[in-house]
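> Here you go, sequence then predicted model.
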Amino acid sequence: MPCGYDLESCAAVHRAQKLGLRPTKTLPGRNGIPRPVQWDGGRCLTCGRAGKLSQAIKGGRIDYYCHACQDKTAAWQAQIRAEIAVILPDCIAPARKPKAVTFTPDDLAGLLDLSDAALRLRVACIAWQMTPKQAAHKLGMSRRTYYRAVTAVPDMARNRRSA
């Protein structure tokens, strides 16, 4: 951690106190002293609802969850970490710039064979850095069109019957 504390100490001392979280789950630690691993009850930094933010130590990192937003995606985690970095700049290193996406002519030529909906979905995934399901939701694509686009049924990716 940039603040000089280990992960558990930073979560308990810096983050939990600053975010208004209280410990709700503990595990036995060294010398039988319980150590907190989950905190609840803070105000969510994305939706603003009080008592909905949780933080937990999982797999060697601190994960956040909002019980109102019910969002566990990597994009939401990155957003909440960026907002916490503003509050606690000594605890969270600045976010790295995303790697630039490069395409070869062969990659782009592969897009020419796709149907309209499949092409829109593929381009949306690339542009927004999302999974196909997330991009289809953001595009407002129907479930039927989404499944036809991802299964690449020719000329069936439109909401109409084919001849």
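Arrived safely. Everything numeric in this text was worked out from a predicted model, so none of it was measured.

> and the protein, what are its domains?
7-87, 105-151 (automatic domain parsing).

> Which among the ones you listed is found nearest to Ala93?
Closest to Ala93 of the domains of the chain is domain 7-87 (C-beta to C-beta; 7.9 Å). To be clear about C-beta, it is placed using only N, CA and C from the backbone, and glycine gets the same treatment.

> from the chain's centre, how far out does that closest one sit?
In terms of C-alpha atoms, centre = their mean, to the nearest Å, the gap separating the centre of domain 7-87 from the centre of its chain is 15 Å.

> Could you do stretch 127-142 as well?
14 Å.

> ok, Arg15 - contacts?
Counting by C-beta atoms under 8 Å, 6 or more residues apart in numbering, Arg15 makes contact with Leu21, Gln55, Ile62, Ile84, Leu88, Cys91.

> which ones are touching the nearest residue to the last one once chain neighbours are set aside?
Among residues not flanking Cys91 along the chain, Cys3 sits closest, at 4.6 Å (C-beta to C-beta, 6 or more residues apart in numbering). With contact set as C-beta under 8 Å, 6+ apart, Cys3 has these partners: Cys10, His14, Leu88, Asp90, Cys91.

> and if you look at Cys125?
For Cys125, the contacting residues are Thr131, Pro132, Ala135, by C-beta under 8 Å, 6+ apart.

> Which one of those is nearest to Gly41?
Nearest to Gly41 among those: Thr131, at 30.8 Å, using C-beta to C-beta.
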